[in-house]
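> Below is the structure, and that's it, no one-letter string:
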């Protein structure tokens, strides 16, 4: 026996709503790292130096080194810098 489309959509929406509410009301799980945040910050600061040197060393003899662009290194530098600034320590 076939169920009309409008009823199927109504059932689908009710199930979706109940699943969403169940997910919103469930216990939230947060990852807690046991690693030292200072060591991670030091690691990122060293990476920041690496990205800084790479973004200035992309050009060799007036040509871009094969496979690398200055834009990639600049983006990685900016992302790493943003992570460092947003760290709580």
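Looks like it arrived, so ask away. Treat the numbers as computed from the prediction; the structure is a model and nothing was measured.
> which regions of the chain lie under the pLDDT threshold?
Within the chain, the stretches with pLDDT under 70 are 1, 57-69, 89.
> which residues of it fall in strands?
Using DSSP state E, the strands assigned to the chain run over residues 59-60, 63-64.
> Residue nearest the middle of this protein, spatially speaking?
The residue lying closest to the centre of the chain (CA atoms, centre = their mean) is residue 79, at 9.8 Å.
> And the helices in the protein, which stretches?
Secondary structure of the chain (DSSP state H): helices located at 5-25, 37-56, 70-86.
> elements contacting the last one?
Helix 70-86 sits against helix 37-56, with contacts defined as 3 or more CB pairs under 8 Å, 6 or more residues apart in numbering; DSSP states H and E. (Each C-beta comes from the backbone N, C-alpha and C, glycine too.)
> which parts of the helix it packs on are buried?
Within helix 37-56, the residues that count as buried by 16 or more other CB atoms under 10 Å are 47-48, 51-52, 54-55.
> And it, what does it pack against?
Here helix 37-56 touches helix 70-86, going by 3+ CB pairs under 8 Å, 6+ apart.
> Now do the helix it packs on against helix 37-56, angle only.
160 degrees (axes from the mean of the first three to the mean of the last three CA atoms, to 10 degrees).
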